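Novice: Make a model of this:
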Amino acid sequence: MKDDDTRIIESSGNVFADLGFDPAEAEVMKMRTELMIRTAQQLKAKGWTQAEAARHLGITQPRVSRLVKGKLEDFSLDMLLTLATRAGLHPELQLNP
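Specialist: Model prediction:
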């Protein structure tokens, strides 16, 4: 690709798939990312400090810090579902053909 070669490629709707991850892995990463973002937004909306969030979520303050910084590799899908629920969200799984 030359420096002056500019191409626009339409997204599939999943940045991880667009980056070449295995389709199944890309879906899990997309779910984890959405849960992480929505949970961090919920903590902010509640006005909790990281220490308060840690008490409500049942984790340490440094772990809350990693959550709000988007450290995806530190959280499993199961843990993110648990934290989202503890933060007052109601995650649901929807399967589409």
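Novice: Local confidence estimate at the closest residue to residue 39 other than its chain neighbours?
Specialist: Distances taken as C-beta to C-beta, 6 or more residues apart in numbering place residue 84 nearest to residue 39, at 4.7 Å, with adjacent residues excluded. Every C-beta, even on glycine, is put in place using the N, C-alpha and C of the backbone. On pLDDT, residue 84 comes in at 97.
Novice: Packing partners of the host helix or strand of residue 84?
Specialist: Assigned by DSSP states H and E, residue 84 belongs to helix 77-86. Helix 77-86 is packed against helix 23-46, helix 50-57, with contacts defined by 3 or more C-beta pairs under 8 Å, 6 or more residues apart in numbering; DSSP states H and E.
Novice: center of the chain - which residue?
Specialist: residue 33 (2.1 Å; C-alpha atoms, centre = their mean).
Novice: quick one: low-confidence ranges for the chain?
Specialist: 1-3 (pLDDT under 70).
Novice: CA-only coordinates of stretch 74-90 in CSV, if you can.
Specialist: This file holds the C-alpha atoms of stretch 74-90, laid out as CSV (Å, rounded to 0.1, in the frame of the first residue of the first chain):
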residue,chain,number,x,y,z
ASP,A,74,-8.3,-8.7,32.9
PHE,A,75,-12.0,-9.7,32.8
SER,A,76,-13.8,-12.8,31.6
LEU,A,77,-17.3,-12.6,30.1
ASP,A,78,-18.7,-14.2,33.3
MET,A,79,-17.0,-11.7,35.5
LEU,A,80,-18.3,-8.7,33.4
LEU,A,81,-21.8,-10.1,33.6
THR,A,82,-21.5,-10.4,37.3
LEU,A,83,-20.2,-6.9,37.7
ALA,A,84,-22.8,-5.4,35.4
THR,A,85,-25.5,-7.0,37.5
ARG,A,86,-24.0,-5.8,40.7
ALA,A,87,-23.9,-2.3,39.2
GLY,A,88,-27.6,-2.4,38.7
LEU,A,89,-27.7,-3.4,35.0
HIS,A,90,-29.8,-6.3,33.6
